[in-house]
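Participant: Dropping a prediction and its sequence here:
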Amino acid sequence: MNFSSYTSPPFLQNPLFATQAFPTLHPLFSKIRYSQLRVYWKMAEQLKQQPAFVKINQLRPGAFGLNLTVKVVSSKAIMTRGRNGTQGRNMRLAECLVGDETGIVVFTARNDQVEAMKEGSSVILRNAKIDMYKGSMRLAVDKWGRVEVTEPADFSVTEDNNLSLIEFELITVEE
């Protein structure tokens with residue numbers, strides 16, 4: 001990494017803070033050097049980047065950490081099952097066909113995600129991943145992701161390119 005153009009935050013430019021007051025704030029801070037702190041500060045700034053959104057035609061098997069803006073073409077409830085455990089929640093699954101201007105793919109909605117996936121609504125899928133089911137791609141958002149209903153998108157869905165109809169096969173190559 002190139003830190004030549006990096007400037008320290010104003011409170012760290014005070015020499016009294018950097019040499020005397022800083023180590024007394026917390027016992028762990030006495031083991032961190034000022035130069036290390038600048039590196040950590042720069043790394044934290046880099047993590048604040050805006051998320052990159054992808055299109056449906058860019059999806060590949062095994063992809064994760066995906067952010068997409070899609071429209072729901074259709075939604076079909078597959079399963080609703082009650083639990084007899086201590087939580088007392090119902091488990092719901094729905095298969096939804098979602099897409100954008102580049103294509104469509106099957107999205108598996110779980111529990112609270114089912115309400116957001118109404119036909120015709122526009123949603124933002126954050127931290128989505130591709131699951132493989134019987135050789136075909138399925139889009140899913142697990143507990144570390146988020147499904148957000150948003151204002152109607154201004155694109156029309158292209159239903160000609162259905163990526164869930166493409167069958168993939170895992171091939172191991174020996175050298």
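Facilitator: All right, it came through fine.
Participant: Next up, the contacts around the closest residue to residue 55 other than its chain neighbours.
Facilitator: Excluding its sequence neighbours, the residue lying closest to residue 55 (C-beta to C-beta, 6 or more residues apart in numbering) is residue 102, at 4.4 Å. In short, each C-beta sits where N, CA and C put it, glycine included. Applying C-beta atoms under 8 Å, 6 or more residues apart in numbering to residue 102 gives the contacts 55-58, 158, 161.
Participant: Go through the residues you listed and say which is closest to residue 94.
Facilitator: residue 56 (18.7 Å; C-beta to C-beta).
Participant: Contact partners for that closest one?
Facilitator: Per C-beta under 8 Å, 6+ apart, neighbours of residue 56: 68, 70, 99-100, 102-105, 161, 163.
Participant: again with residue 135
Facilitator: Counting by C-beta under 8 Å, 6+ apart, residue 135 makes contact with 167-169.
Participant: Out of those, grab the one that's most surrounded.
Facilitator: Neighbour counts for the contacts of residue 135, by other C-beta atoms under 10 Å, peak at residue 168, which reaches 13 neighbours.
Participant: Which is the succeeding secondary structure element to the helix or strand where residue 78 lies?
Facilitator: Per DSSP states H and E, residue 78 falls inside strand 64-82. Counting by DSSP H and E, the next helix or strand C-terminal to strand 64-82 is strand 90-100.
Participant: what's that following strand in contact with?
Facilitator: Contacts of strand 90-100 (C-beta under 8 Å, 6+ apart): 55-56, 68-83, 104-111, 113-114, 117, 123, 125, 139, 153, 155, 157-159.
Participant: Could you please name the strands it pairs with and the direction of each pair?
Facilitator: Strand 90-100 pairs in its sheet with strand 64-82 (antiparallel), strand 103-110 (antiparallel), by DSSP bridges.
Participant: Render the CA-only coordinates of that strand in PDB, please.
Facilitator: Listed next in PDB are the C-alpha coordinates belonging to strand 90-100 (Å, rounded to 0.1, in the frame of the first residue of the first chain):
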ATOM      1  CA  ASN A  90     -42.800 -20.900  11.100                       C
ATOM      2  CA  MET A  91     -40.300 -21.800   8.400                       C
ATOM      3  CA  ARG A  92     -41.400 -20.500   5.000                       C
ATOM      4  CA  LEU A  93     -39.700 -20.900   1.600                       C
ATOM      5  CA  ALA A  94     -40.600 -19.300  -1.700                       C
ATOM      6  CA  GLU A  95     -39.000 -19.500  -5.100                       C
ATOM      7  CA  CYS A  96     -39.000 -16.200  -6.900                       C
ATOM      8  CA  LEU A  97     -37.900 -15.300 -10.400                       C
ATOM      9  CA  VAL A  98     -36.000 -12.000 -10.200                       C
ATOM     10  CA  GLY A  99     -34.300 -10.100 -12.900                       C
ATOM     11  CA  ASP A 100     -32.900  -6.900 -14.400                       C
END
